[in-house]
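Peer 1: Below are the sequence and a predicted model for it; my questions follow.
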Amino acid sequence: MSININSVANMPKLGMANATAKPVQKTSTSFGEVINDAINKVNSLQVESDQKTADFISGVSDDIHSVIIAGSKADLALQMTLQVRNKVMDAYKEIMNMQI
């Protein structure tokens with residue numbers, strides 16, 4: 001088995017050497033805004049799920065797959081939100097129990 005070194009040398013280089021540097025613009029977003037945005041997204045998923053369920057029940061739509069997928073998305077988003085809340089509460093309790 002022979003390896004042609006020239007073919008390896010002519011391969012495009014990967015990584016940051018060929019990347020063009022673009023300045024990163026920093027925006028300040030508070031923790032409260034991030035949490036509020038996440039809660040609003042979870043709420044919109046729940047509203048979408050409710051709407052698709054109502055459309056299916058009333059006979060407007062006959063696509064059961066989209067109803068189940070929307071319900072699953074809403075359920076997963078709510079479960080993740082609850083887990084994040086639990087972790088934040090655990091961290092808060094841990095900080096409050098620290099002795100100074």
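Peer 2: Arrived safely.
Peer 1: next helix or strand past the helix or strand of the chain with the lowest mean pLDDT?
Peer 2: Ranked by mean pLDDT, DSSP states H and E, the weakest helix or strand in the chain is helix 5-9, scoring a mean of 52. Of the helices and strands lying after helix 5-9 in sequence (DSSP states H and E), the nearest is helix 31-58.
Peer 1: could you give the angle of the next helix or strand after that next one to helix 31-58?
Peer 2: Later in the chain than helix 31-58, the nearest helix or strand by DSSP H and E is helix 64-97. Here helix 64-97 points in a direction 150 degrees away from that of helix 31-58 (axes from the mean of the first three to the mean of the last three C-alpha atoms, to 10 degrees).
Peer 1: Where does pLDDT dip in this structure?
Peer 2: 1-24, 26 (pLDDT under 70).
Peer 1: switch to 90 and redo it
Peer 2: 1-32, 34-35, 61-62, 99-100 (pLDDT under 90).
Peer 1: Tell me who's in contact with the residue nearest to residue 62 when sequence neighbours are not counted.
Peer 2: Spatial nearest neighbour of residue 62, chain neighbours left out: residue 56 (7.4 Å); criterion: C-beta to C-beta, 6 or more residues apart in numbering. All C-beta spots, glycine's among them, are computed from the backbone N, C-alpha and C. Contact analysis of residue 56 by C-beta atoms under 8 Å, 6 or more residues apart in numbering lists 62-64, 67.
Peer 1: so how many other residues sit close to the nearest residue to residue 48 once chain neighbours are set aside?
Peer 2: What sits nearest to residue 48 in space, not counting adjacent residues and going by C-beta to C-beta, 6+ apart, is residue 70, at 5.5 Å. Using other C-beta atoms under 10 Å, residue 70 has 20 neighbouring residues.
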